[in-house]
Structures are given as structure tokens and as C-alpha cells.
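Q: Build me a model:
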Amino acid sequence: MKRQPKISIIMPVYNSEKYLKKSIGSVLNQTLREIELICINDCSTDNSLKILMGFQKKDKRIKILSNKKNIGPGESRNIGINIAKGEYVCFLDSDDWLEKNACEILIKKAKSGGADIVYIRPKIVFSNRIILDKRLLTEKDASSIDKVFRKNLMRKVAWAPWSKMIKRDILLKNKIFFPKIHIAEDMDFSARVIYFSKKITFAEEYLYNYYVREGSLMSFSNSKRRIENYFESIKLLEDFLLSKDIFEKYHKEFVYFKLYNYLATYGVMYYSKEKIDKKFYKKQIKNDPDFRIFNIFSLGVFDSVIIGSVLIKLHLFNLVFKIREFFRVFLGFWGKRNH
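A: The predicted structure is shown next:
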């Protein structure tokens, strides 16, 4: 009799032929055997699908679905959520990999405390070094959903889909799915998951390897769509906070979130080689009422947000971003981007 998987691992795949062997291998070699790997091929143009099918022939725990059109990682994950059979779900990027005992540790942690979410500590893997992500929960944080929610909005804990193992019932009962945007889809999803959870914990060990492709920040595509997705992400989160009547309660943290998205918007404009209306987007940012100096002071925020608001108003935000990116290039810190 076929045993129900304890964990469903959902992996969107887009042109990842160079990385799939290591990524999929890390799943199939887990010490916990009661798992399934759901791979959603999002119209890859390389040999990704062929590689997936080769693995499936050797291990029937792999499920493969192919999208008829490119829909992005968020909506691809939604497909995986809908067909998953595991009690818990995890998300894995197709160029990352898990430690061999990751699933076993995570399921034990979840079961021992009856947790809805188990946070996963990542290692940031570069070609020449490994950095341990320090945006971590403490026991005191995890004991309060409110504290985790605030830290999540301010990006003081990892917010990415892969950063947590989630009880699948939480997603289905509350109809939590990724929004229909290609970029910045993770924050709305993460906020909803935390809000509807009753208990959160974390694993002490570093179990996830987040691989950073050197130089990939330089290869932005679909710049207009990316920028619009950042603005859409802000709107989605604002609508959710308003719908739950908690907007005022978390307004300060929401402003932090907006500042991060605006910085990301400037990043796309800085690196983009496509023709986009930069003045239009800069004007939208400049006219945001949350970044009027009086409003910033009334929030009681005196760090990065007030600095950001001053730079926006004095038209210096772009210059500061360029200086920051110079040092990022010089020191070799790069981030990967999907699609």
C-alpha cells in the first residue's frame, strides 16, 4: 500500500538544466523517505524537462507538470499546492538544494510542538564562500505571532517561499495562494500564512542552501513588468492589512516594506537595458504620502525609513543607490533573479 507523504516539496522549474541534478538529488536522498517532489516545468526552453523525466523514471516520488504558457514561479507553486498530498509543504528553488536530513529534522520539529510553520535557516552559497543568514527567529519571537508578523513585514526574517515549511491545511482552509505576479509574489503569501497560523517554530540547524548565481543581477529582463510587480506587491499587502482591519496596527512595518520595494524598483531601473518611463515611476515613489517627512516622524521611525524619505524628496535616492551598487559589484555580492 502506497504511503501518504509527510512532506510535499514543490519546485518551479525554468531553464535550470545546470542545477537540477544537485537540486533534485538533494531531495531524493533525504533521510526521510515519505516525501514527494512536485516539479512544475514553466515552459523551459533548455533540457530541464528532459532531465526531470529522467529522474522520474528512477523515482516515482517525482511528479511532473508542464505549463502551457509561462506563468512565473508563484502561480507554478499554486499548481503544486493544489495537487500536493503531504501534511506539510516546502518550496525549493530549482538551483538550490537541501541538507540530507532537512526533511527529517523539520517534520520532527513540527510534530513535537504542533507547529503550523517551521522556519528554515538558510546558507547563502556563493562560488567562493558561504554566508549564514542572520535574519533568524528566537524562541521569544516564535512565541508571538505578532512579533513574527512584524519582523516579516520589515524583512528581518527570511520571507522567501523556501524559508518555511507550512501545514498544508493552513493554505487550503484559508485559500492562501501566491498572487498572479511574476516578481515580489512572496510577501503577500508569507504575510497571510503567518496571520492564519496558530503556532510557529524554527529549526536550529542550517538546512537550506540558497545558491547565488554570480553576476545574475545584471541580466534583468521584462523590466516594466518587474517594476509594476513591485508596486502591485505593495497594493496586495495593503489590501490584505485593510481587509483584516490591522493596517494602522502595522503601518510602521508596512512603510518599511514599501521602502524595500522602492529600492528594488530603483535597482531594476538602474540595470535595465530596456526603454522604460523612469520619470513616471520615480514620480510615483516621490509622491507617496507615507514618505512625507511629517508622516515619517509621526510614525516614530528614525532609521532607514526617514533616511529613505529624505533621499526621495531631495532626488538623491538614485545617487545613493548607484553608490551602493558600486560597492556591491566591487565586493562581489550578487543576487539571483528568476524569469
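Q: C-alpha from now on. contacts and neighbour counts both.
A: OK.
Q: any idea which helix or strand carries Ile79?
A: helix 72-83 (DSSP states H and E).
Q: For that helix, name the packing helices and strands.
A: Judged by 3 or more CA pairs under 8 Å, 6 or more residues apart in numbering; DSSP states H and E, the packing partners of helix 72-83 are strand 7-13, strand 35-41.
Q: and that helix, how far out from the chain's middle?
A: 14 Å (CA atoms, centre = their mean, to the nearest Å).
Q: and for it, what are the contacting residues?
A: 10-13, 38-40, 42, 67, 89, 91, 168, 177-182, 185-186, 338-339 (CA atoms under 8 Å, 6 or more residues apart in numbering).
Q: Whatever helix or strand comes next after that helix pairs with which strands, and in what direction?
A: Sequence order places strand 88-91 as the next helix or strand after helix 72-83, per DSSP H and E. Here strand 88-91 has these sheet partners by DSSP bridges: strand 7-13 (parallel), strand 164-167 (antiparallel).
Q: returning to that earlier point: can you pull the buried residues of the helix holding Ile79?
A: 72-81 (16 or more other CA atoms under 10 Å).
Q: Also stretch 185-196?
A: Counting neighbours by 16+ other CA under 10 Å, stretch 185-196 gives 185-194 as buried.
Q: Would you mind listing the buried residues in stretch 165-172?
A: Applying 16+ other CA under 10 Å to stretch 165-172 flags 165-168, 170-171 as buried.
Q: Might you report the residue contacts of Ala184?
A: 229-230, 233.
Q: any idea how far Tyr19 is from it?
A: Distance of Ala184 to Tyr19, given as CA to CA, to the nearest Å: 23 Å.
Q: so what are the domain limits for the protein?
A: 7-211, 220-331 (automatic domain parsing).
Q: Let me see the ranges of the helices in the stretch 51-200 of the chain.
A: 72-83, 102-113, 139-142, 145-153, 168-173, 186-196 (DSSP state H, counting those that start in this stretch).
Q: Now Ser48. Nearest residue, chain neighbours left out?
A: Glu17 (4.7 Å; CA to CA, 6 or more residues apart in numbering).
Q: quick one on the thing from earlier: now the angle between strand 7-13 and the helix holding Ile79, please.
A: Put simply, helix 72-83 runs at 150 degrees to strand 7-13, going by axes from the mean of the first three to the mean of the last three CA atoms, to 10 degrees.
Q: For the longest strand along the chain, which helices and strands make contact with it?
A: Counting residues, the longest strand found in the chain (DSSP state E) is strand 200-211. Counting contacts by 3+ CA pairs under 8 Å, 6+ apart, strand 200-211 packs against strand 97-98, helix 102-113, strand 117-125, helix 139-142.
Q: Tell me which of the ones you listed sits nearest to Phe254.
A: helix 139-142 (18.7 Å; CA to CA).
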